[in-house]
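Asker: sequence unknown, structure follows:
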DNA sequence: TTTAAAAATTTACGCGCGATAAGTTTTTAT
DNA sequence: ATAAAAACTTATCGCGCGTAAATTTTTAAA
């Protein structure tokens, strides 16, 4: 770091002894210039502190190097974790991730897409809110800008969808629960906000019937995204009434289960699989905290590594191929049973 | 939405019947143009889908409208929540927040600041990693770009710092624990990554001595940010040895406490304040999940609404005043005792 | 070594907007 | 009604870079 102030690429080209357009080429792809000129430029980079102006770059480039990454709710550690995975992959591919959270609201989701529009991203990875999403507006966005959905599907929107196979995973855990004890009751939100919740409900019913059991539901009243609180409040209410039809409860997701476990504890209902327990509880998602519940939560681990990897690969392929998908690809990954103390 | 394609501000000015410079003024401040012209422009905005090119704007503006927001770890729901609060305030003030997570690593922290540099933000809100931060590099950044620190202080870095008064909050909870039972042992990381952890350690010692008790420490081995796991593993180890010197444990933070509670459960040690309990556990931070631990966690609630609000206000004042702070302001907010079931 | 092809470089221009100056029209105040 | 102030228009420049076309250099093949 020394010498005169470098104000732009022209200045920098001067001190490095190379023409500005060649320097420009270098920054777009260092391998595209002759080795000798690359060395000259890199030598200059060591002596002077210069970096290209990102606004000037993007004003002229056809496509930016930005990839939008929109999740329903960053406060949910599940999405925080998957977003982190994806961010890493995007950076590794030489792109610039832009992380936005919809905070559980469709207005914010649209606002996020709007703000992405002005960033002119090369592509977008979107985990939609689901049923709460304004599907038309989202579809319109996906029409404009290459978009890959993950976690929650909106029929026909975007170039591809990657998520979990709820039928497989719920089937798996229902089977496990039935093998190891009483058949489970399904504990869920009365009005789920997420399409996965509907799929899980149906998957539960199907799995139970195939095993010769009658599906039984307990529906928690309440709305919004504060699942733990709803699971807790409604859990207390149901436990007080003794209204779980069997001693086994399969929750639609881990956050609901976390609330229910807390309610069981406060209600003095011992949860687990050992001696002296009165209730088994299972969840779905392998939430980062499910290891530390009391007892630790038996659940399904979504393969979010696969979901993240494939989603990023797909959007990058679309972006780099400058082509739209011919068929909309829908890929569902299997969940894995995680046996812990609660069921 | 109709009519010809609008490619730039010139086109849009034409269809709205206003000159381009005036349209430019409008977009910078709608109140700066005559009401009649504002209506014309807004009428045109309804008919045509135009939004100014953000890259061209920022290339020419002295200062952008971007505010960087860097947190140590978005996977931690505490930071996710405070980031969300701040994002809202920044948007409300007409600025554009850019959320970045350092994922617990100093390299990523520096990378984040570097990537912010190329965005040329008007100002930055930074919750540094703390002791792991490369202080010199962060200080250099804060020299370049107006920066306000929050949560963790780095001496002399940035224009201001807002955080919690650990002396007050730890004093408060130590006092509470001593009034209601045995004096607490302090459970903490052996090598804390965060300056708050050090302040809490010292605050604990001071508070204990003032109350006539001998401070006693249990230090968890392990490093990194996986506090729950460390609290769990080390909690099991210490409980197995019966090495807590009293029946009351004050944890340096809630995540450690969550791990410890899980360990106590698995070890068959009943936690709480009622009959038949053997251990009291308290935490610090009012982590979003501390309501749902078993038992629910007695803790200190940081006033992160105040921290968020004041941090945003301060950076915006700096940004809009185009002035640097004369004195570096350090403001610590009081914590609030949250009494729950665990202690 | 010659020569054509490929690669690298330079020339020249344009992107979409902010900023400013000078002149014109409209609004406000007296 | 009139002057002053405010808002607008026209004209022009410059920001920092990407990129097509033209030119030069290098490489590879004959």
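Answerer: Ah, there it is. Here the structure is a predicted model, which is why all the values come from computation and not from measurement.
Asker: which strand or helix spans residue A:244?
Answerer: Element membership for residue A:244 (DSSP states H and E) is empty, with no helix or strand holding it.
Asker: just the pLDDT for the closest residue to it other than its chain neighbours.
Answerer: Nearest non-adjacent residue to residue A:244, counting by CB to CB, 6 or more residues apart in numbering or on different chains: residue A:185, 5.2 Å away. C-beta: built from backbone N, CA, C; applies to glycine. Predicted confidence (pLDDT) for residue A:185: 98.
Asker: what about residue A:185, neighbour count?
Answerer: 22 (other CB atoms under 10 Å in any protein chain shown).
Asker: how much space separates it from DNA strand C?
Answerer: From residue A:185 over to DNA strand C the distance is 58 Å, taken as CB to the nearest atom of the strand, to the nearest Å.
Asker: now for that residue: which residues touch it?
Answerer: A:216-218, A:244-246, A:248-250 (CB atoms under 8 Å, 6 or more residues apart in numbering or on different chains).
Asker: try 10 Å this time
Answerer: By CB atoms under 10 Å, 6 or more residues apart in numbering or on different chains, the contact list for residue A:185 reads A:204, A:208, A:215-218, A:238, A:243-251.
Asker: can you say which of those residues are buried?
Answerer: By neighbour count, with 16 or more other CB atoms under 10 Å in any protein chain shown, the contacts of residue A:185 hold A:204, A:208, A:215, A:218, A:238, A:244, A:247-251 as buried.
Asker: that older thread, report the beta-bridge partner residues of the residue nearest to residue A:244.
Answerer: Taking DSSP bridges as the rule, residue A:185 bridges to residue A:249.
Asker: just want the phi and psi numbers for residue A:71.
Answerer: phi -120, psi 160 (degrees, to the nearest 10).
Asker: check residue A:52 too.
Answerer: Taking degrees, to the nearest 10 as the convention, residue A:52 sits at phi -60, psi 150.
Asker: which residue packs closest to it, ignoring adjacent ones?
Answerer: That would be residue A:27: by CB to CB, 6+ apart, it lies 5.3 Å from residue A:52.
Asker: ok, residue A:238 to residue B:290 distance?
Answerer: 23 Å (CB to CB, to the nearest Å).
Asker: also residue A:187?
Answerer: For residue A:187 relative to residue B:290 (CB to CB), the value is 23 Å.
Asker: got it, and residue A:247?
Answerer: Taking CB to CB, one finds residue A:247 at 28 Å from residue B:290.
Asker: name the residues of chain A found near DNA strand D, please.
Answerer: Within reach of DNA strand D by CB under 7 Å from any atom of the strand, chain A has these residues: A:7-10, A:12, A:20-21, A:24-25, A:27-28, A:34, A:52-53, A:56-57, A:59-62.
Asker: tell me which residues touch residue A:125, please.
Answerer: Residue A:125 makes contacts with A:67-71, A:82-83, A:86, A:89-90, A:97, A:99, A:147-151, A:158, A:162, A:308, A:311-312, A:314-315, as judged by CB under 10 Å, 6+ apart.
Asker: and the residues of chain A next to DNA strand D, which of them are buried?
Answerer: A:9, A:12, A:24-25, A:27, A:52-53, A:56-57, A:59.
Asker: pLDDT and secondary structure added to these, as TSV?
Answerer: Putting these into TSV (pLDDT from 0 to 100; DSSP: H, G, I helix; E, B strand; the rest coil) gives the following:
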residue	pLDDT	secondary structure
A:9	91	helix
A:12	91	helix
A:24	92	helix
A:25	90	helix
A:27	91	helix
A:52	91	coil
A:53	91	coil
A:56	92	helix
A:57	91	helix
A:59	87	helix
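Asker: returning to that earlier point: what residues does the residue nearest to residue A:52 make contact with?
Answerer: Here residue A:27 is in contact with A:9, A:12, A:33, A:41, A:50-52, A:57 (criterion: CB under 10 Å, 6+ apart).
Asker: between those residues, which sits nearest chain B?
Answerer: Nearest to chain B, judged by CB to the nearest CB, of the contacts of residue A:27 is residue A:51 at 5.7 Å.
Asker: how far away is the closest one from residue B:116?
Answerer: Counting by CB to CB, the separation of residue A:51 from residue B:116 is 12 Å.
Asker: between those two, which one's more packed in?
Answerer: When residue A:51 is set against residue B:116 and neighbours are counted by other CB under 10 Å, the residue ahead is residue B:116, at 22 against 13.
Asker: isn't there a helix covering that one?
Answerer: Yes. Residue B:116 sits within a helix when classified using DSSP: H, G, I helix; E, B strand; the rest coil.
Asker: enumerate every residue touching it.
Answerer: B:66-70, B:98, B:100, B:124, B:126, B:141, B:145, B:147.
Asker: 6 Å instead?
Answerer: By CB atoms under 6 Å, 6 or more residues apart in numbering or on different chains, the residues touching residue B:116 are residue B:68.
Asker: any idea of the pLDDT on it?
Answerer: Per the predicted model, pLDDT is 93 at residue B:116.
Asker: where's it relative to DNA strand D, distance?
Answerer: Distance of residue B:116 to DNA strand D, computed by CB to the nearest atom of the strand: 16 Å.
Asker: again with residue A:220
Answerer: 53 Å.
Asker: the closest residue to that residue other than its chain neighbours: how many residues sit nearby?
Answerer: Distances taken as CB to CB, 6+ apart place residue A:234 nearest to residue A:220, at 3.7 Å, with adjacent residues excluded. By the measure other CB under 10 Å, the count of residues near residue A:234 is 22.
Asker: average pLDDT for the helix or strand residue A:234 falls within?
Answerer: In the assignment (DSSP H and E), residue A:234 maps to helix A:227-241. In this model, helix A:227-241 carries a mean pLDDT of 96.
Asker: list the contacts of it.
Answerer: For helix A:227-241, contacts defined as CB under 6 Å, 6+ apart pick out A:218, A:220, A:222, A:255-256, A:258-260, A:262-263, A:267, A:269, B:292.
Asker: show the buried residues in those residues.
Answerer: A:218, A:220, A:255-256, A:258-260, A:262-263, A:269, B:292.
Asker: out of those residues, which sit inside strands?
Answerer: Assigned to strands by DSSP state E, the following of the buried ones among the contacts of helix A:227-241 qualify: A:218, A:220.
Asker: how many other residues sit next to the nearest residue to residue A:98 once chain neighbours are set aside?
Answerer: With sequence-adjacent residues excluded and distances taken as CB to CB, 6+ apart, residue A:98 is closest to residue A:68, at 5.1 Å. Using other CB under 10 Å, residue A:68 is surrounded by 25 other residues.
Asker: residue A:68: what's it in contact with?
Answerer: A:98, A:116, A:121, A:124.
Asker: kindly report the same for residue A:284.
Answerer: A:253, A:299-300.
Asker: which of the residues of chain A next to DNA strand D are close to DNA strand C?
Answerer: A:20-21, A:25, A:34, A:59-60.
Asker: quick check, residue A:78 in a strand?
Answerer: No. Under three-state DSSP, residue A:78 falls outside any strand and is assigned helix.
Asker: now for it: which residues touch it?
Answerer: Contacts of residue A:78 by CB under 6 Å, 6+ apart are A:285, A:287.
Asker: one step back: tell me the SS of the residue nearest to residue A:98?
Answerer: strand.
Asker: gap between it and residue A:100?
Answerer: Distance from residue A:68 to residue A:100, counting by CB to CB: 7 Å.
Asker: the longest helix along chain A and chain B in contact?
Answerer: If you go by DSSP state H, chain A has its longest helix at helix A:304-321. No. Judged by CB under 6 Å from any CB of the partner chain, helix A:304-321 stays clear of chain B, getting no closer than 12.9 Å.
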